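S.K.: got a predicted structure plus its sequence, pasted below:
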Amino acid sequence: MSHSNYIIDVKDLVKVYAEKKAVDKVTLQVEKGKIYGFLGPNGSGKTTTIRMICGLLTPDGGSGTCLGYDILQDTLKIKSHVGYMTQAFSLYGDLSIRENLSFTARMFGLDNRKQRVENAIDQLGIGKARANQLAGQLSGGWKQRLALAAATIHEPKVLLLDEPTAGVDPKARREFWDEIHRLSSLGVTTLVSTHYMDEAERCHQLAYLAYGKLLTQGSISEVINHANLVTFEITGDDLNTLANTLREIPAITSVASFGQTLHISGSDRDAFMNAINKVKSQQHQWTEIPPTLEDVFINLMRETKDNFA
């Protein structure tokens, strides 16, 4: 058992499928109680990395520990202390909420199972009346609550959440994240993949993966500063025509619509400013603004290529 100061500490993880690297030398370290967000396009290696960390997949290269246990040699020990919530709802639709939680508690071999199930129902606000409802009849938000209750019923020290709020309404997503922060305050460490920028902003640290490679990581401010972007907000008439023009300019690496405005970004300030000075007109208002996380990630996606193409 390792004595690393990090709850998750992995180095140069590699996973190969059909001679292509789905994960290519990913290194990350996560401290106790921190919420670490994984972002990146579909197929970027987020799920594969999570599964290697919790012992569900064997890496083809690299090494590391989770909770001090070796991810190659101690997978059973890791699994007993980790809660894993998959992208798709994976509980039994023809069992009730209480029956699903009871089954999960038995699978973990927990003592005092009945009380643990009732505690889980109370803690996540499921309610006594709803506890007997069939899981298959639940809305997306309630399925998410049930899945989180099942993933935490054994009081894990690490939570691995794979796009847990996909397709869930904003209110349910906010309640879910309030619960994650409550668990964080109790010392639970969370690694979560997401496509939502508002969720990314609720993480203590972030990492951006693209087609197997870890492109950037750190706190929100560190990720934004590392991108070294210059960003302008543009308002005015006929923004669609202007956007088409701007997308043809190499120095402008991203053009995105935000309501009644455009956000444009570039990483070479001199080339960027020379380019926009040539297309500026009194028809539009141009204002330099601090880049957002979304600006950074749109720019990163533009700069990366699919290694499976």
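M.R.: All right, it came through fine.

S.K.: burial of W177, as a residue count?
M.R.: Using other Cβ atoms under 10 Å, W177 is surrounded by 20 other residues. (Glycine included, C-beta is placed from N, CA and C.)

S.K.: do the same with the one 3 residues further on
M.R.: Here the neighbour count serves as a burial measure; for I180 (other Cβ under 10 Å) it reads 20.

S.K.: so which elements touch the longest helix along the chain?
M.R.: When the chain is parsed with DSSP state H, its longest helix is helix 170-185. Other helices and strands packing on helix 170-185, by 3 or more Cβ pairs under 8 Å, 6 or more residues apart in numbering; DSSP states H and E, are strand 35-39, helix 140-152, strand 158-162, strand 189-193.

S.K.: isn't R113 right up against A105?
M.R.: Yes - the pair R113 and A105 passes the contact test of Cβ atoms under 8 Å, sitting 4.2 Å apart.

S.K.: neighbour count winner among those two?
M.R.: Using other Cβ under 10 Å as the criterion, R113 and A105 rank with A105 on top: 21 against 17.

S.K.: how much space between the more buried one and G140?
M.R.: 24 Å (Cβ to Cβ, to the nearest Å).

S.K.: coming back round to it: contacts for the longest helix of the chain, please.
M.R.: 33-35, 124-125, 140-141, 144-145, 148, 152, 159, 161, 164-165, 168, 190, 192, 196, 199, 202, 204 (Cβ atoms under 8 Å, 6 or more residues apart in numbering).

S.K.: ok, 7 Å please
M.R.: Under the contact criterion Cβ atoms under 7 Å, 6 or more residues apart in numbering, helix 170-185 has outside partners G33, I35, L124, G141, Q144, L148, L159, P164, T165, T190, E199, R202.

S.K.: now the residue nearest to V230 when sequence neighbours are not counted: how far from L215?
M.R.: Using Cβ to Cβ, 6 or more residues apart in numbering and skipping the chain neighbours, the partner closest in space to V230 is R269 (4.9 Å). Remark: distance between R269 and L215 (Cβ to Cβ) = 21 Å.

S.K.: between these two, which one's more packed in?
M.R.: L215 (20 against 12).

S.K.: show me the contacts for the residue nearest the centre of the chain.
M.R.: Nearest residue to the geometric centre of the chain (Cα atoms, centre = their mean): S193, 2.0 Å. In this structure, S193 makes contact with F38, K46, T47, I50, D162, E163, judged by Cβ under 7 Å, 6+ apart.

S.K.: among the residues you listed, find me the one that's closest to S219.
M.R.: Ranked by distance to S219 (Cβ to Cβ), the contacts of S193 are led by F38 at 14.8 Å.

S.K.: G45 is in contact with that closest one, correct?
M.R.: No - assessed by Cβ atoms under 7 Å, F38 is found out of contact with G45, at 9.1 Å.

S.K.: who touches both of these two?
M.R.: Here F38 and G45 have L209 as joint contacts, going by Cβ under 7 Å, 6+ apart.

S.K.: for these two, indicate the residue with more neighbours.
M.R.: F38 (28 against 24).

S.K.: from V23, how far out is that one?
M.R.: 12 Å.

S.K.: likewise L209?
M.R.: 8 Å.

S.K.: what sits in contact with each of these two?
M.R.: In contact with both L209 and V23: G45, using Cβ under 7 Å, 6+ apart.

S.K.: need the contact partners of stretch 267-277.
M.R.: Residues contacting stretch 267-277 (Cβ under 7 Å, 6+ apart): N228, L229, V230, F232, I249, A251, I252, T253, G266, W286.

S.K.: near the fourth one, how many other residues are there?
M.R.: Pointing back at F232 there. The number of residues packed around F232, counting by other Cβ under 10 Å, is 22.

S.K.: quick check: bridge partners of it?
M.R.: I264, E288 (DSSP bridges).

S.K.: got CSV for the contacts of helix 170-185, with pLDDT, distance to A131 and neighbour count too?
M.R.: Formatted as CSV, these follow (pLDDT from 0 to 100; distance: Cβ to Cβ, whole Å; neighbours: other Cβ atoms under 10 Å):
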residue, pLDDT, distance to A131, neighbour count
G33, 95, 30, 16
I35, 96, 28, 23
L124, 73, 11, 19
G141, 81, 16, 18
Q144, 86, 16, 24
L148, 90, 15, 22
L159, 95, 22, 22
P164, 86, 21, 24
T165, 83, 22, 22
T190, 96, 25, 24
E199, 90, 28, 22
R202, 93, 28, 18
